[in-house]
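quick one, what's the 3D model for this:
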Amino acid sequence: QVQLTESGGGLVQAGGSLRLSCAASGLTFSSYSPGWFRQAPGKEREFVASISASGSTLPADSVKGRFTISRDNAKNTVYLQMSSLKPDDTAVYYCAARSYSTWHSAVGSYNYWGQGTQVTVSS
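Take a look at the predicted model:
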């Protein structure tokens, strides 16, 4: 079955950086478009970034210029490089994958989800 496993979360000070990784198994990763979402306590899950099968990216306005999504098809892994982190970036970050070659920002357009990894940014 399909599994998405996130890693790399943790506690960081404001202005710092973290890199999240998401390892995928059970699917033809190169044909999928993975994405990252986040959910803060009491808030809805929100889109962070997505990357197409061809490598084009779509970042949310709130992270544009600070976060970069990338993928390594040989390793079946998608990454989220986060820099200039702010306390408002504190959330559980989820990896997701959709069985289409193009990126998308809607939660409902993704077929598979990981369990999430906590990112906490202290002020």
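
which ones are touching the residue nearest the centre of the chain?
In the chain, the residue lying closest to the centroid (C-alpha atoms, centre = their mean) is Trp36, at 2.2 Å. Applying C-beta atoms under 8 Å, 6 or more residues apart in numbering, we find Trp36 in contact with Leu20, Cys22, Val48, Ala49, Ser50, Ile69, Val78, Leu80, Tyr93, Tyr94, Cys95, Ala96. Glycine gets a C-beta too; all of them are placed from N, C-alpha and C.

in PyMOL, select just the buried ones from those.
Remark: buried members of these, expressed as a PyMOL selection using 16 or more other C-beta atoms under 10 Å:
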select buried, resi 20+22+48+49+50+69+78+80+93+94+95+96
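
all strands of the protein, in order?
Along the chain, the segments classed as strands by DSSP state E run 3-7, 10-13, 18-25, 33-39, 46-51, 57-59, 67-72, 77-82, 91-98, 112-113, 117-122.

let me have the ones you listed in a markdown table, extended by mean pLDDT.
Formatted as a markdown table, those follow (pLDDT from 0 to 100):
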| stretch | mean pLDDT |
| --- | --- |
| strand 3-7 | 97 |
| strand 10-13 | 98 |
| strand 18-25 | 97 |
| strand 33-39 | 97 |
| strand 46-51 | 97 |
| strand 57-59 | 96 |
| strand 67-72 | 97 |
| strand 77-82 | 98 |
| strand 91-98 | 97 |
| strand 112-113 | 96 |
| strand 117-122 | 98 |
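
could those strands go into TSV alongside distance to Ala106?
Shown next, in TSV, are the strands of the chain (distance: least, C-beta to C-beta, whole Å):
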stretch	distance to Ala106
strand 3-7	18
strand 10-13	28
strand 18-25	19
strand 33-39	10
strand 46-51	7
strand 57-59	11
strand 67-72	16
strand 77-82	18
strand 91-98	9
strand 112-113	13
strand 117-122	22
